[in-house]
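S.K.: I'll drop the sequence and a predicted model, then ask my questions.
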Amino acid sequence: MNNRKFILGGIALFTASQAQAAVPALDTPPVTVQFSTTYYSNIAGSSGVFALARGLQKDDVLYAPAVLTNLVEPMGSLSLFLAGQAGYDIHQNNSVLDRERIDLQAGADTYLAVCDTTLTGTWGRHQSDLMDLSVGTLGNTQQTISAGLGVSCDRMGRLVPSAGIKESWADNSATQYFRQDFHNFSANVGLGYNFEPIGLVSVFGEYEKTRYPHRIFAVAGGGPITDGYTLYTGGLRYSRIFAEQIQVAAQVAETSSSSDGGIGQNFSGVTYGLNLGYTPGARWSFNLDFDRTANPSYYLNASFALAEHYSGSVNYRFTSRLMATLGASDTHTKFTGAALIPGTNITDQTYWSYYGSVAFNVSPTFSVTLNAGEDQRHADVVGYSYSGGHVGLALSKAF
């Protein structure tokens with residue numbers, strides 16, 4: 001219940017289309033030990049009736065110890081890295097939800113001639129957020145594994161060609177979600193023009209193929225068809241920093257999907273994203289995001305999801321040791337798939353989130369954070385609509 005996710009891979013701007021993975025900075029603490037405790041007024045992520053049907057107590061306290069790692073080992077021109085976290089979620093009232101929580105990324109980064117080349121692998125394993133599960137499922141350990149290669153030739157002058165490939169696998173432990181296991185392959189190419197007065201302008205194209213190997217349909221007059229779809233995207237990206245205070249990253253693209261065997265709904269339309277950052281001084285920073293994306297979905301019987309996401313946050317640093325954050329987000333998601341059952345499976349939902357935090361650095365290596373927020377979901381299957389608040393305290397010690 002630490003994260004509210006709607007689409008595999010998240011809704012962060014441009015995540016699926018970036019050729020390069022983030023390599024931890026050398027000055028990042030290599031190891032951080034963290035412990036948090038959070039009270040949730042509705043940890044079930046559903047109505048009271050659905051919580052009762054699952055045998056859950058709506059209010060709960062979550063204890064979450066974790067170890068965060070950001071390791072970088074330079075070896076000449078090659079850098080090896082390991083980043084992420086491993087922890088365990090312990091619930092005071094609903095021990096059936098206790099589960100490991102692992103999100104790790106490892107890889108190698110080097111320059112081959114004029115091209116920055118990054119090889120990455122990721123592994124994630126955790127209890128699915130209950131708001132993402134149908135009422136008939138309680139415990140589901142979701143595991144995702146991916147491998148990717150990204151190349152960006154940023155030492156060729158003004159022209160910046162790039163390319164990347166990635167393969168992902170997702171599986172679920174719950175029998176009901178066996179049909180949501182999927183295999184995804186994606187590839188992208190781009191060509192940018194970097195000119196200081198205008199910034200970096202790029203054209204790009206992407207190909208994505210997603211299959212659900214355990215979801216098979218019998219078609220009259222033909223053989224069985226495995227559910228899945230193919231996604232094609234082409235468009236423009238733009239990024240620039242203005243006056244060392246304003247950061248702009250934007251993209252607009254035409255995206256189309258075709259379902260395998262013609263048995264599901266297709267999509268054709270514009271997808272886009274915009275991120276604006278403003279840092280007027282040492283104390284204030286502002287951030288705005290909005291995007292429209294199409295991605296694989298792990299909601300029951302859904303093939304892919306089309307999401308529109310809007311978010312904003314403001315940070316204020318009172319002193320060098322005390323900082324506060326306020327933020328809000330809104331995500332409207334539509335799910336499609338040949339196996340969807342309207343009235344039983346969610347096909348349309350809106351999710352709101354409001355949050356705030358105050359962080360105090362007791363020392364350069366020890367910090368205390370107080371956070372609170374409220375979540376609301378409105379779904380076309382009424383029992384999945386809910387609201388709930390949370391308040392928590394986190395302690396972090398870096399080594």
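M.R.: Thanks, I have the structure now. Here the structure is a predicted model, which means the values were calculated and not measured.
S.K.: how about the strands in the stretch 101-250 of the chain?
M.R.: 115-127, 141-152, 159-172, 182-195, 199-217, 225-242, 246-259 (DSSP state E, counting those that start in this stretch).
S.K.: so which of those strands gets nearest residue 388?
M.R.: Closest to residue 388 of these, according to CB to CB: strand 115-127, at 16.9 Å. Backbone N, C-alpha and C define where each C-beta goes, glycine included.
S.K.: Mind giving me the packing neighbours of the closest one?
M.R.: Counting contacts by 3 or more CB pairs under 8 Å, 6 or more residues apart in numbering; DSSP states H and E, strand 115-127 is packed against strand 99-112, strand 141-152.
S.K.: per-residue confidence averaged over that strand?
M.R.: For strand 115-127, mean pLDDT rounds to 96.
S.K.: Just the residues contacting that strand, thanks.
M.R.: 20-21, 23, 89, 97, 99-111, 139-155 (CB atoms under 8 Å, 6 or more residues apart in numbering).
S.K.: Can you show me the CA trace of that strand as PDB?
M.R.: Only the C-alpha atoms of strand 115-127 are listed here, as PDB (Å, rounded to 0.1, in the frame of the first residue of the first chain):
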ATOM      1  CA  CYS A 115      27.700   6.700 -27.800                       C
ATOM      2  CA  ASP A 116      26.700   6.400 -24.200                       C
ATOM      3  CA  THR A 117      25.600   2.700 -23.900                       C
ATOM      4  CA  THR A 118      23.600   1.400 -20.900                       C
ATOM      5  CA  LEU A 119      22.700  -2.300 -20.200                       C
ATOM      6  CA  THR A 120      20.100  -2.700 -17.500                       C
ATOM      7  CA  GLY A 121      18.100  -5.400 -15.700                       C
ATOM      8  CA  THR A 122      15.300  -4.900 -13.200                       C
ATOM      9  CA  TRP A 123      13.500  -7.100 -10.700                       C
ATOM     10  CA  GLY A 124      10.400  -6.200  -8.700                       C
ATOM     11  CA  ARG A 125       8.300  -8.300  -6.300                       C
ATOM     12  CA  HIS A 126       5.600  -7.100  -4.000                       C
ATOM     13  CA  GLN A 127       2.000  -7.500  -2.800                       C
END
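S.K.: Could you give the number of residues near residue 283?
M.R.: By other CB atoms under 10 Å, 12 other residues sit near residue 283.
S.K.: one step back: take the strands of the stretch 101-250 of the chain and write them to TSV, including distance to residue 383 and mean neighbour count.
M.R.: As requested, the strands of the stretch 101-250 of the chain are arranged in TSV below (distance: least, CB to CB, whole Å; neighbours: other CB atoms under 10 Å):
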stretch	distance to residue 383	mean neighbour count
strand 115-127	21	18
strand 141-152	22	18
strand 159-172	21	18
strand 182-195	26	18
strand 199-217	24	17
strand 225-242	26	17
strand 246-259	28	17
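S.K.: Of those, which is nearest residue 271?
M.R.: Taking these one by one with CB to CB, strand 246-259 is closest: 4.5 Å.
S.K.: and the next element down the chain from the helix or strand bottoming out on mean pLDDT in the chain?
M.R.: When each helix and strand of the chain is scored by mean pLDDT, DSSP states H and E, helix 48-54 comes last, with a mean of 88. Counting by DSSP states H and E, the element after helix 48-54 in chain order, helix or strand, is strand 60-75.
S.K.: and the angle for that following strand with strand 99-112?
M.R.: Angle of strand 60-75 versus strand 99-112, following axes from the mean of the first three to the mean of the last three CA atoms, to 10 degrees, is 20 degrees.
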